[in-house]
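Undergrad: take a look and give me a structure for this.
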Amino acid sequence: MFIKKDRVAFREYQNNIFESAKDKNTLVVLPTGLGKTVISALVVDYRLEKFDGTKALFLAPTKPLVNQHKRTFDSISTLYGEVVSGTVSRGERKKIYNEAQIVFATPQTVENDVENGIVDLGTFSVVIVDEAHHAVGNYSYVKIVSEYMRVSKNPLILGLTASPASDSEKIRQICDNLRIANVEIRSDEDADVSPYIKSKLVEEVRVELPEDINRLAASLDGMIKAGVDELRRAGFYKDMPVSRISRVSILMLQKSLQKQMISGKRNFYTIRGIIISSKLLKLYHAYNLLSTQSLESFVNFAMKLTAGKSKSDKEIAASGGFVSLLEESEKLLASGREHPKLDKLKEILAGDFKKGQKAIIFTQYRDTVDTICDAISGVNGVNAVKFIGQGKGGLSQKEQIRIVKDFESGVYNVLVSTSVSEEGISIKGVDIAVFYETVPSAVRSIQRRGRVGRFNAGRIFILITKDTSDESYYWVSKRKESRMKKIIKNIKDNPETLRNDGTLRFFVNR
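TA: Just a heads-up that it's a prediction; the model follows:
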């Protein structure tokens, strides 16, 4: 009814998933680049024709992703769709909710509008939940779905994800929170999907820290160990082996102490614990920047610490060892010394980057984005652009959209990006991806890989600094991804259990 003629090529797996999902709440797990949005368009077309006068709501976690889905629907459907966001006036948002046949929005906007009575979810016959793995905890997806299922006369949830989670409990939460009664799963190996999968060659590239930078890292590691000793002398983790005290455990301690402060427990013990844990977390971050990112990123962060006003910043800056470390780092940087990843990155682009190709370089930190852009600017044939989020000093939504269009059209051929480009965004024609560092998340690793080879075969390079968190994170991510695949296969091999029971109890208990 609403699908434009000859705009959607028939794919059997998409049609089969649509038939399964059109009348019951369904979670669709499908590899990146295989048309989850097309499946959602088929479901929306069916629901709005079946329930005349109703609307569709398409939720996605970021504004760039929301706008991308709007453009995709506009290209294949005649439905009148509009985007609502916090930048649109309250009155205009209400008008859009009343008049548009399909509304595209971030969940935070819709949650606020539900609470303020601007939108009536009872008028919607289908809600699409993109990147459905976010539907845990207090995330807005959970609250919206709960209210929608309560007030809609003809509710349907369609959850979409390429990577649900790496543990069965989280998958159970996702399905419970989205009221899922049906799961449709396809993998790269499925016969109806494999013809559309483009090959991806993954290469692990290992580098070693040079002796001078390694010596600086060892000094930072010594400061961290001294901080852990200080924490134990203050009465924390006295019974825990030092080998088990990590950045994660210290972060958990800090959060616990902050909760105590909020509840009114403001004694010396609590305050001192917060200061020491804050100091340690900053030293861990400094160590990570130095060992896995760049000398420049470390120097920039260290200078901020020495100029900081907080108690933890002042204690770090008062340490003669830290001041000496910063001075030595600045001298090395001035002499041209840098992290070996940057030279390796230039080698990859100079040797494997052919004329007419495009590349994405992923990194965790904005400072590293700047460092990478500067480093590769001299590589012949490279025309790089930064792609970062909207926060303080970031790119506006319009700037993000413009950069993606310019990248796709060839104005730029290398996109240096933070996590903003990892999730869901379809960027056409990417031939090479470089992971500047590893991430301890199966979901993020899968999403990074999914940006490459959507239309042609692709290459992926993972940069790993030996004997650093890069190596441990790499193996953590692989283990989690292996667990995820096992859980997904279990669900796929036993679909009748979910349909009969309506829960994931069977899979959680296996």
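Undergrad: what's the nearest residue to residue 197 if we skip its chain neighbours?
TA: In space, residue 197 comes closest to residue 188 once its chain neighbours are excluded; the distance is 5.0 Å by C-beta to C-beta, 6 or more residues apart in numbering. Heads up, the C-betas are built off the backbone N, CA and C, glycines and all.
Undergrad: same check on residue 288?
TA: Per C-beta to C-beta, 6+ apart, closest to residue 288 is residue 469, 6.1 Å.
Undergrad: look up how far residue 285 lies from that neighbour.
TA: 11 Å (C-beta to C-beta, to the nearest Å).
Undergrad: for stretch 264-276, buried residues please.
TA: With burial defined by 16 or more other C-beta atoms under 10 Å, the residues of stretch 264-276 counted as buried are 270, 272-276.
Undergrad: oh, I was asking about stretch 308-322
TA: Going by neighbour count (16+ other C-beta under 10 Å), the buried part of stretch 308-322 is 312-313, 315-317, 322.
Undergrad: quick one: end-to-end length of that stretch, please.
TA: 14 Å (C-alpha to C-alpha, to the nearest Å).
Undergrad: now do the contacts for the residue nearest to residue 288.
TA: 288, 291-292, 438 (C-beta atoms under 8 Å, 6 or more residues apart in numbering).
Undergrad: read off the pLDDT value for it.
TA: Note on residue 469: pLDDT of 92.
Undergrad: what is the mean pLDDT for the helix or strand harbouring residue 230?
TA: Per DSSP states H and E: residue 230 is located in helix 211-233. Confidence for helix 211-233, expressed as mean pLDDT, is 93.
Undergrad: who's in contact with it?
TA: With C-beta under 8 Å, 6+ apart as the criterion, helix 211-233 contacts 209, 237-238, 242, 245, 250, 273, 276-277, 279-280, 283-284, 286-287, 290-291, 295, 319, 321-322, 325, 328-329, 332, 337, 339.
Undergrad: residues of that helix that come out buried?
TA: 213-214, 216-217, 219-220, 223-224, 227-228, 230-232.
Undergrad: send the alpha carbons of that helix over as PDB?
TA: C-alpha atoms of helix 211-233 as PDB (Å, rounded to 0.1, in the frame of the first residue of the first chain):
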ATOM      1  CA  GLU A 211      61.800   1.800  25.400                       C
ATOM      2  CA  ASP A 212      61.400   5.500  26.300                       C
ATOM      3  CA  ILE A 213      57.600   5.500  26.200                       C
ATOM      4  CA  ASN A 214      57.500   2.100  27.900                       C
ATOM      5  CA  ARG A 215      59.700   3.600  30.700                       C
ATOM      6  CA  LEU A 216      57.100   6.400  31.200                       C
ATOM      7  CA  ALA A 217      54.300   3.900  31.300                       C
ATOM      8  CA  ALA A 218      56.200   1.900  33.900                       C
ATOM      9  CA  SER A 219      56.500   5.100  36.000                       C
ATOM     10  CA  LEU A 220      52.700   5.600  35.700                       C
ATOM     11  CA  ASP A 221      52.100   2.000  36.700                       C
ATOM     12  CA  GLY A 222      54.200   2.600  39.800                       C
ATOM     13  CA  MET A 223      52.000   5.600  40.700                       C
ATOM     14  CA  ILE A 224      48.900   3.500  40.300                       C
ATOM     15  CA  LYS A 225      50.300   0.800  42.600                       C
ATOM     16  CA  ALA A 226      51.200   3.400  45.200                       C
ATOM     17  CA  GLY A 227      47.600   4.700  45.000                       C
ATOM     18  CA  VAL A 228      46.300   1.200  45.600                       C
ATOM     19  CA  ASP A 229      48.500   0.900  48.600                       C
ATOM     20  CA  GLU A 230      47.200   4.300  49.900                       C
ATOM     21  CA  LEU A 231      43.600   3.100  49.400                       C
ATOM     22  CA  ARG A 232      44.300  -0.100  51.400                       C
ATOM     23  CA  ARG A 233      46.000   2.000  54.200                       C
END
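Undergrad: from the chain's centre, how far out does that helix sit?
TA: 30 Å (C-alpha atoms, centre = their mean, to the nearest Å).
Undergrad: what helices and strands are in contact with whichever helix or strand comes after that helix?
TA: As assigned by DSSP H and E, the chain's next helix or strand after helix 211-233 is helix 247-262. Packing partners of helix 247-262 (3 or more C-beta pairs under 8 Å, 6 or more residues apart in numbering; DSSP states H and E): helix 268-288.
Undergrad: right, and the helix or strand after the helix it packs on?
TA: Counting by DSSP H and E, what follows helix 268-288 is helix 295-306.
Undergrad: run the angle between that next one and helix 211-233 for me.
TA: Relative orientation of helix 295-306 versus helix 211-233 (axes from the mean of the first three to the mean of the last three C-alpha atoms, to 10 degrees): 40 degrees.
Undergrad: using CSV, write down the CA coordinates of the following helix or strand past helix 295-306.
TA: Counting by DSSP H and E, the next helix or strand C-terminal to helix 295-306 is helix 311-317. The C-alpha trace of helix 311-317 is given here as CSV (Å, rounded to 0.1, in the frame of the first residue of the first chain):
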residue,chain,number,x,y,z
LYS,A,311,41.4,17.7,45.4
SER,A,312,42.4,14.7,43.4
ASP,A,313,43.9,16.8,40.6
LYS,A,314,45.9,18.9,43.1
GLU,A,315,47.2,15.7,44.9
ILE,A,316,48.4,14.3,41.5
ALA,A,317,50.0,17.6,40.5
